[in-house]
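K.L.:
I'll drop the sequence and a predicted model, then ask my questions.
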Amino acid sequence: MKNSCWSVLFVLGFQIQSAFAQDTSLELEHMRHAVYFLASDSLQGRGAGSSGAEQASNWIINRFEEFGIQPVINKTYAQDFQYYIGTQRIQTNNLLAGTNGKKPFKILVAAHYDHLGKGNPHSLEVFKDKVHNGADDNASGVALLLSLAAWSQVNYPQGGILFACFSGHEDGLYGANFFAKNAGTLLDSVQWMVNLDMVGRLDTQQKPAPLYLRIPEKAADWLAQLELPKQKMLKTVLRPTATPLDYTPFFEKGIKVVTLSTGVHPDYHKASDDAVRINFGGMMEILSFTQKLLEALPI
């Protein structure tokens, strides 16, 4: 009888382990697919206002719909806005959605989905008129955000999370600033913002690998006081900075903010920032860390 019981427990344990492995493998494949699509040549670098950015926008909306993540502004996911670069008018949109349609939202998770397109003056190439696919910057952040959105529908016990994909980032943080100023009541209860920007190049040559937590230079030491999740392969490194980021207008509204990043690398703002260079295993580690972080945030 004892041997029989142990056999049943062993089989159940194996089945659970196998199911977990399959789920993990499927999640990795979803992130890989997201990065390879968003960073494909066909999207021509997702320059804000371009047809490639519009394709990216529509694809992200389809993922929100697929996961059951609900629109939060006038039954639409797109928040249209425009800005000018010199005399050139850029017409584009942010993408906004919320888990389970629950309000008020206490947490905002964000990532910008635009990149440099072709010929953008922010390119660090000698010859700038090349497609800059932006696999790490920031297809990786969007892929992670989408995985968190799917996870939050069934695994996040505290309620709703507001998700935002910003455009106009590379030209000057236009999308983040527009949403912060035109959010209506969506931000009234938001206490925390977790921004995902360049999370695809975890340096696993370092043991453990550093995950940088960028916070405003003038921020209080709230993050240092928070008991951050433990992740065996990661070490968290606080990076206070005065540089404006997508979180800046939200910090100015009194929201506690942090940007997760694996840091700048030699392919930053170059045509060589391609999907083949992404560390998807590292992204899985960061996904696990971020899930634990969202669960740990006091709201």
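P.N.:
Alright, I've got the coordinates.
K.L.:
Could you count how many residues lie near residue 121?
P.N.:
By the criterion of other C-beta atoms under 10 Å, residue 121 has 9 neighbours. Bear in mind the C-beta positions are built from the backbone N, C-alpha and C, glycine included.
K.L.:
low pLDDT regions in the chain?
P.N.:
In the predicted model, the chain carries pLDDT under 70 at residues 1-23, 101-103, 157, 220, 224.
K.L.:
element containing residue 163?
P.N.:
strand 161-166 (DSSP states H and E).
K.L.:
Would you mark the buried spots in the next helix or strand after that strand?
P.N.:
Later in the chain than strand 161-166, the nearest helix or strand by DSSP H and E is helix 169-172. Neighbour-count burial for helix 169-172 flags 169-171 (criterion: 16 or more other C-beta atoms under 10 Å).
K.L.:
was I right about residue 89 contacting residue 82?
P.N.:
Yes: the pair residue 89 / residue 82 is scored as a contact, 5.8 Å apart, by C-beta atoms under 8 Å.
K.L.:
Quick check on these two: which one has the bigger neighbour count.
P.N.:
Just comparing residue 89 and residue 82: by other C-beta under 10 Å the higher neighbour count belongs to residue 82, 13 against 10.
K.L.:
roughly how far apart are that one and residue 53?
P.N.:
13 Å (C-beta to C-beta, to the nearest Å).
K.L.:
For stretch 229-249, give me every contacting residue.
P.N.:
110, 112, 166, 169, 173, 175-177, 180-181, 193, 195, 197, 202, 204, 208-219, 223-224, 228, 257-259, 285-286, 288-289, 292-293, 296 (C-beta atoms under 8 Å, 6 or more residues apart in numbering).
K.L.:
let's see it at 7 Å
P.N.:
Contacts to stretch 229-249, defined as C-beta atoms under 7 Å, 6 or more residues apart in numbering, come from residues 110, 112, 166, 169, 173, 176-177, 180, 193, 195, 197, 208-215, 217, 223-224, 228, 257, 259, 285, 288-289, 292-293, 296.
K.L.:
before we move on, what about stretch 142-149?
P.N.:
By C-beta under 7 Å, 6+ apart, stretch 142-149 touches 27, 30-31, 34-35, 38, 60, 63-64, 67, 69, 99, 109, 111, 113, 163, 165, 196, 199, 283, 286-287, 290-291.
K.L.:
got it, and stretch 37-54?
P.N.:
With C-beta under 7 Å, 6+ apart as the test, stretch 37-54 has contacts from 55-56, 59, 90-92, 113-118, 120, 131-135, 139, 142, 167-168, 170-171, 274-275.
K.L.:
where does the nearest residue to residue 104 once chain neighbours are set aside fall, helix, sheet strand or coil?
P.N.:
Distances taken as C-beta to C-beta, 6 or more residues apart in numbering put residue 189 closest to residue 104, at 3.4 Å, once the chain neighbours are dropped. Under DSSP: H, G, I helix; E, B strand; the rest coil, residue 189 falls in the coil class.
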